[in-house]
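Peer 1: Let's see this in three dimensions:
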Amino acid sequence: MKEAWEGLQTMAATRILIVDDHPLFREALKQALLGGIANARVTLAGSLDAATAILGKDDAFDLILLDLRMPGVQGLSGLIYLRAGHPNVPIVIVTASDDHGLVQKALDLSASGFIPKTSGIDTIIAAVKAVLNGDIWAPDGYQQASAADKEAEDIARRVATLTAQQIRVLMMLKEGLLNKQIAYELNVSEATIKAHVSAILQKLNVSSRTQAVIAASRIDGVQAEH
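Peer 2: Here you go, the predicted model:
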């Protein structure tokens, strides 16, 4: 009976992954969620690599709360990468910016919500509950852009066709790494990276690595967050 009861408790738990490189904010957000979300189980990751490792073992999370600015991740590339690898897990951006253009881009890239870090605990809990219930959350005062950036929308659609590994390669291209350096970091052959780069260029409809990086930066939201 005890084992059956513990099994029911585990099934009923709401599993949330926080991905943020600031230890104090991670812990504060964890405590807020534990106090505001019934039967919450919160896992912490201090980097995109740490989150990837956790999700690689078990991605049965109900929600991912993702910061946009961490070492090796600037802008929306982390969202794009996690969305490609784990499309069934809702992802909410929790970051310092409330720029409407950045909010728009995040939602266009299938984020389930956008919470500025300046929000109060009550607002954060309300946002998380809304997303867990299947809603989309945006900051107060946010209005969807009336004149959509068609070029950015087209690039976003093309980026969405990349595999998770191709997105990771594209992120490393943006960091200025060479094929052999990317191959070393990902523990694959240089030929594999060359194949990924060729696929990226084809899917983004560009002819060079530089153009691929520029195209990805059009939707990354880095400038909007400064």
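Peer 1: Identify the residue nearest the geometric centre of the protein.
Peer 2: For the chain, the residue sitting closest to the mean C-alpha position, by CA atoms, centre = their mean, is residue 79 at 2.3 Å.
Peer 1: Distance of that residue relative to residue 219?
Peer 2: 10 Å (CB to CB, to the nearest Å). No exception for glycine: its C-beta is placed from N, CA and C like everyone else's.
Peer 1: Residue 109 now?
Peer 2: Counting by CB to CB - residue 109 and residue 219 are separated by 7 Å.
Peer 1: shared neighbours of these two, anything?
Peer 2: 76, 156 (CB atoms under 8 Å, 6 or more residues apart in numbering).
Peer 1: more neighbours, the two?
Peer 2: residue 219 (24 against 20; other CB atoms under 10 Å).
Peer 1: and the more buried one, what does it touch?
Peer 2: By CB under 8 Å, 6+ apart, the contact set of residue 219 is 76, 105, 108, 109, 152, 155, 156, 159.
Peer 1: Over to residue 80?
Peer 2: Contacts of residue 80 by CB under 8 Å, 6+ apart are 109, 159, 160, 167.
Peer 1: hang on, it is in a helix, isn't it?
Peer 2: Yes - counting by DSSP: H, G, I helix; E, B strand; the rest coil, one finds residue 80 located in a helix.
Peer 1: From the contact counts, what lies against the strand or helix carrying residue 191?
Peer 2: Using DSSP states H and E, residue 191 sits within helix 190-204. Applying 3 or more CB pairs under 8 Å, 6 or more residues apart in numbering; DSSP states H and E, we find helix 190-204 packed against helix 150-159, helix 164-174, helix 179-186, helix 209-220.
Peer 1: and of those helices, who's closest to residue 55?
Peer 2: helix 164-174 (10.2 Å; CB to CB).
Peer 1: Kindly calculate the angle that the helix holding residue 191 makes with helix 150-159.
Peer 2: Per axes from the mean of the first three to the mean of the last three CA atoms, to 10 degrees, the angle that helix 190-204 makes with helix 150-159 is 140 degrees.
Peer 1: for the contacts of residue 219, which one is nearest residue 184?
Peer 2: residue 159 (24.5 Å).
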